[in-house]
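# Quick one: sequence plus predicted model below, questions after.
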There are 2 protein chains.
Amino acid sequence: MSRRSKEEIAKIYMKMQDHICRELELADGSGKFEEDEWERPAGGGGRTRIFKNGSIIEKGGVAFSAVHGPTPDKILKKLNLDKSEFFATGVSIVLHPKSPMVPIIHMNIRYFEMDNGVHWFGGGIDLTPHYIDGADAKYFHQEVKNVCDQYDSNFYSKFKNWADDYFYIKHRNETRGIGGIFYDRLEAKDDNEFEHLFEFGLSIGRLFPEVYGYFMKKNSQLPFGENEKSWQSLRRGRYVEFNLVWDAGTKFGLDTNGRTESILMSMPPMAEWEYMHEPEIGSKEEYTQNNLNKGIDWLSFTK
Amino acid sequence: MSRRSKEEIAKIYMKMQDHICRELELADGSGKFEEDEWERPAGGGGRTRIFKNGSIIEKGGVAFSAVHGPTPDKILKKLNLDKSEFFATGVSIVLHPKSPMVPIIHMNIRYFEMDNGVHWFGGGIDLTPHYIDGADAKYFHQEVKNVCDQYDSNFYSKFKNWADDYFYIKHRNETRGIGGIFYDRLEAKDDNEFEHLFEFGLSIGRLFPEVYGYFMKKNSQLPFGENEKSWQSLRRGRYVEFNLVWDAGTKFGLDTNGRTESILMSMPPMAEWEYMHEPEIGSKEEYTQNNLNKGIDWLSFTK
């Protein structure tokens, strides 16, 4: 078996985007994706799909891109490599629901290679509930673990810790949400492993509409009021803070002339800030705040 | 004349905070500042004053701080200096008005010294109108220039260009607002110059409530509707983007365990994001967007 070409990978990622968009439209029931094709002046381009008029999803998108050109100096310097051409393709998703009872979700699968032979896979899926629910958290992590276990018995624990470290809002001393998995720079030592890692990412991609569809259906039926909407706005503020201050992907994109509108597709429709906001003692907001920590074993979470 | 002590500078900055708060309460007519005193574990502290229940100002604060301790490694590395103690004091202000017709304003004066003799003054004042108005912009820049000219005939043009470069949202290819002045690391060669630079900052501090009081009074009477509120929310989104992605002070503070709530006092009460928003052709929103550029001579702006 010879190694898959980068063109083939990009083509399969595009089909993944199609699949996910179709499933999300079905789950939402009324919203539709609008597509925006764009070209990257230095090489390649993408198609960004933005969700409009949703009944459950308020704002978000599913983006595909496949870009190429001279490798940015920042990467070369970091890897201590000589000038070369790069190719990068991926599918990236952020969805902000209307209801504060439905979690925000993020998923990304990506492949990167340089013409000097260096290549890697990256990706992940993580959940940011406005309100942490023990059963929901357990369900999500168990589903993610099940997929991981099909590929490598060490993936879940390794990539779960990686997500805890990555999705961390240092200046707030809190995690963005309940995490999930995050992985980067997985380089295959042979063609079999290459295929294995590629398939792993696709399985995460296929898992995405299943788990999120579950939350869309179940949690959009939960009641909420002004209090929950106001907490949602503040949590969206934290989401903005993480993405603009700490997210390495966002920072790199904005710093290297990436396509701003596609990068900032992750922004919520709106967000609020309040000086020194403290959730009420004993409230479910305080419960959420108190559980935004690294290192929680959500699979056996019982609090 | 001997050089002023750092303690004396901090004391005068505190009085400046008092003066500005008093003037802003008078100009607003109904809002009051609430004070929050805090201590910095590594040395020093501050008093952050947040405006509450304003009729014109919706959210904002006037912060004073005087902190000291071992100089952060990031600064030592940048300046190529050996370990030493530092002292930093300043007054920092951001105000977000309710009305989209009243501009957002930012002002800061600061003094930094190390026990190895290195010291500098920094500061600035700049305006971010949701709607650019030629006469308002001219008035603001003329007032700032008048103060600068009392100290050095080169200050205005030098510091105006510095503000253009500093308050620039690179990933949007637009300035945050119409700028003003920004200066940093002004080191005095003798005691006379030290006093001169110190006095210059105080004059900027005194100018602040005068010019902003002018806009509060005049512009809060202008009519607006849903369209203007919605544009204000999007412009607030850009303010968030600048502060979290590019503002060196914010980044440094969040990165070095500064007091998060005081640093993020600059966040608007709320902000909105819309994918690929484009102002209508010929609208006053488009006029504003088209004039968010570096290098505009606002003193003779006639468009």
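Yep, that arrived.

# Up against chain B, what does the stretch 151-300 of chain A have?
By CB under 8 Å from any CB of the partner chain, the residues of the stretch 151-300 of chain A that approach chain B are A:170-172, A:233, A:237, A:240-241, A:244-245, A:251, A:254, A:257-258, A:260-261, A:263-265, A:267-276. Yep, even glycine has a C-beta here, placed from its N, CA and C like the rest.

# By mean pLDDT, point me to the weakest helix or strand of chain A.
Across the helices and strands of chain A, mean confidence by mean pLDDT, DSSP states H and E is lowest for helix A:73-79: a mean of 83.

# could I get it in PDB with only the CA atoms?
Provided in PDB are the C-alpha atoms of helix A:73-79 (Å, rounded to 0.1, in the frame of the first residue of the first chain):
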ATOM      1  CA  ASP A  73       9.000  31.600   8.600                       C
ATOM      2  CA  LYS A  74       7.500  31.200  12.000                       C
ATOM      3  CA  ILE A  75       7.100  27.400  11.400                       C
ATOM      4  CA  LEU A  76      10.500  27.000   9.800                       C
ATOM      5  CA  LYS A  77      12.200  28.800  12.700                       C
ATOM      6  CA  LYS A  78      10.300  26.700  15.300                       C
ATOM      7  CA  LEU A  79      11.300  23.500  13.600                       C
END
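
# in that helix, what counts as buried?
Of all the residues in helix A:73-79, those buried under the rule 16 or more other CB atoms under 10 Å in any protein chain shown are A:75, A:76.

# Tell me which strands the helix or strand following that helix pairs with, and in which orientation.
Toward the C-terminus, helix A:73-79 is succeeded by strand A:85-97 as the next helix or strand (DSSP states H and E). Sheet partners assigned to strand A:85-97 using DSSP bridges are listed as strand A:57-70 (antiparallel), strand A:104-114 (antiparallel).

# pLDDT (mean, whole number) over strand A:85-97?
The pLDDT scores in strand A:85-97 average 96.

# next one: it to chain centre, how far?
On the basis of CA atoms, centre = their mean, to the nearest Å, strand A:85-97 sits 8 Å off its chain's mean C-alpha point.

# Measure how far the longest helix along chain A is from the centre of its chain, please.
Ranked by residue count under DSSP state H, the longest helix found in chain A is helix A:191-219. In terms of CA atoms, centre = their mean, the centre of helix A:191-219 is set 12 Å apart from its chain centre.

# which non-adjacent residue is nearest whichever residue of the stretch 51-200 of chain A sits closest to chain B?
The minimum distance from the stretch 51-200 of chain A to chain B, using CB to the nearest CB, falls at residue A:171 (4.1 Å). Nearest residue to residue A:171, sequence neighbours excluded (CB to CB, 6 or more residues apart in numbering or on different chains): residue B:254, at 4.1 Å.

# so the helix or strand hosting the one you found versus strand B:104-114, what angle?
In this structure, residue B:254 is located in helix B:248-255 according to DSSP H and E. Per axes from the mean of the first three to the mean of the last three CA atoms, to 10 degrees, the angle that helix B:248-255 makes with strand B:104-114 is 70 degrees.

# circling back to that earlier point, quick check: PyMOL command selecting the buried ones in the residues of the stretch 151-300 of chain A next to chain B.
Selection command for PyMOL covering only the buried members of those, criterion 16+ other CB under 10 Å:
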select buried, chain A and resi 171+172+233+237+240+241+244+245+254+258+260+261+263+264+265+267+268+269+270+271+272+273+274+275
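
# Now, the residues of the stretch 151-300 of chain A next to chain B that are in helices?
Those of these lying in helices (DSSP H): A:233, A:237, A:240, A:241, A:251, A:254, A:260, A:261, A:263.

# Rebuild those residues as JSON lines, extending it with pLDDT.
What follows is these, written out as JSON lines (pLDDT from 0 to 100):
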{"residue": "A:233", "pLDDT": "98"}
{"residue": "A:237", "pLDDT": "98"}
{"residue": "A:240", "pLDDT": "98"}
{"residue": "A:241", "pLDDT": "98"}
{"residue": "A:251", "pLDDT": "89"}
{"residue": "A:254", "pLDDT": "90"}
{"residue": "A:260", "pLDDT": "95"}
{"residue": "A:261", "pLDDT": "95"}
{"residue": "A:263", "pLDDT": "95"}
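
# now those residues in TSV, with distance to residue A:223?
Output for those, formatted as TSV (distance: CB to CB, whole Å):
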residue	distance to residue A:223
A:233	18
A:237	24
A:240	27
A:241	29
A:251	38
A:254	39
A:260	38
A:261	35
A:263	35
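
# what does the stretch 1-150 of chain A put close to chain B?
Residues of the stretch 1-150 of chain A lying close to chain B by CB under 8 Å from any CB are A:36, A:48, A:50, A:59, A:61.

# thinking again about what came up before, I'd like the strands paired with strand A:85-97 written out as CSV, with mean neighbour count and mean pLDDT added.
Shown next, in CSV, are the strands paired with strand A:85-97 (neighbours: other CB atoms under 10 Å in any protein chain shown; pLDDT from 0 to 100):
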stretch, mean neighbour count, mean pLDDT
strand A:57-70, 22, 95
strand A:104-114, 22, 97
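
# who wins for proximity to residue B:136 among these?
strand A:57-70 (33.1 Å; CB to CB).

# How about exporting the closest one as CSV, limited to the C-alpha atoms?
Only the C-alpha atoms of strand A:57-70 are listed here, as CSV (Å, rounded to 0.1, in the frame of the first residue of the first chain):
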residue,chain,number,x,y,z
ILE,A,57,-27.7,26.7,16.3
GLU,A,58,-27.4,30.5,16.6
LYS,A,59,-24.0,31.1,14.9
GLY,A,60,-21.2,28.9,13.7
GLY,A,61,-19.6,27.4,10.7
VAL,A,62,-18.0,24.4,9.2
ALA,A,63,-14.8,25.4,7.3
PHE,A,64,-12.7,23.4,4.9
SER,A,65,-9.4,24.7,3.5
ALA,A,66,-6.5,23.4,1.6
VAL,A,67,-3.7,25.9,1.3
HIS,A,68,-0.1,25.7,0.1
GLY,A,69,2.9,27.9,-0.7
PRO,A,70,6.2,28.8,0.9
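
# what angle sits between it and helix A:191-219?
Going by the same axes, to 10 degrees, strand A:57-70 makes 160 degrees with helix A:191-219.
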